[in-house]
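Trainee: just coords:
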């Protein structure tokens, strides 16, 4: 998993005006400054309008959040894995002013050339009123706590 590619995609997409328009349409019925509801609305929108699908067996496919946003705006249902989902979620959250970070998780003690191998990634957005990090992980869904208990290692990647 190439976290730097995901972070780069998020940072580039935050200036993609159609992505901002998508975020505005998702949040249009929410009261001003209800930041938690904005985070949850964007997350729920992505859960409803995208589908989880693993990458090809021997390829780490990383898609640009801009391409995913364009597909959503066109009315399509993109098939995303955890890094694609984290990228579009992070980009949407940046466009609505959230602080964002990515978390990589390992479920086994696997190493390659001395480097720990992480097998899952998800996005967190910071709710500014409480300072709480809201975990947005459609792959784990309601099982997020259970999944995190099985993790043997995790690493946090700030998206600056």
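Mentor: Looks like it arrived, so ask away. What you are looking at is a predicted structure, and each value in this text was computed from that prediction instead of being measured.
Trainee: my read: residue 139 touches residue 121, true?
Mentor: No - using Cβ atoms under 8 Å as the test, residue 139 is too far from residue 121 to be in contact (9.1 Å). (Glycine included, C-beta is placed from N, CA and C.)
Trainee: what is in contact with the two at once?
Mentor: The contact sets of residue 139 and residue 121 overlap at residue 82 (Cβ atoms under 8 Å, 6 or more residues apart in numbering).
Trainee: which of the two has more neighbours?
Mentor: Counting neighbours by other Cβ atoms under 10 Å for residue 139 and for residue 121 shows that residue 121 has the greater number, 23 against 17.
Trainee: Who is the more buried one paired with across the strands?
Mentor: residue 104 (DSSP bridges).
Trainee: Distance-wise, check it relative to residue 44.
Mentor: 20 Å (Cβ to Cβ, to the nearest Å).
Trainee: Quick one: find the helix or strand in this structure with the lowest mean pLDDT.
Mentor: Lowest on mean pLDDT, DSSP states H and E among the helices and strands of the chain sits helix 144-150, with a mean of 78.
Trainee: Going toward the C-terminus from that helix, what's the next helix or strand?
Mentor: Where DSSP states H and E defines the elements, the next helix or strand beyond helix 144-150 is strand 153-159.
Trainee: As a check, name the ranges of all helices in this structure.
Mentor: In the chain, the helices defined using DSSP state H lie at 3-13, 17-27, 35-49, 65-73, 82-95, 144-150.
Trainee: Go through these and name the closest to residue 130.
Mentor: Evaluated with Cβ to Cβ, the helices of the chain place helix 35-49 nearest to residue 130, the distance being 8.0 Å.
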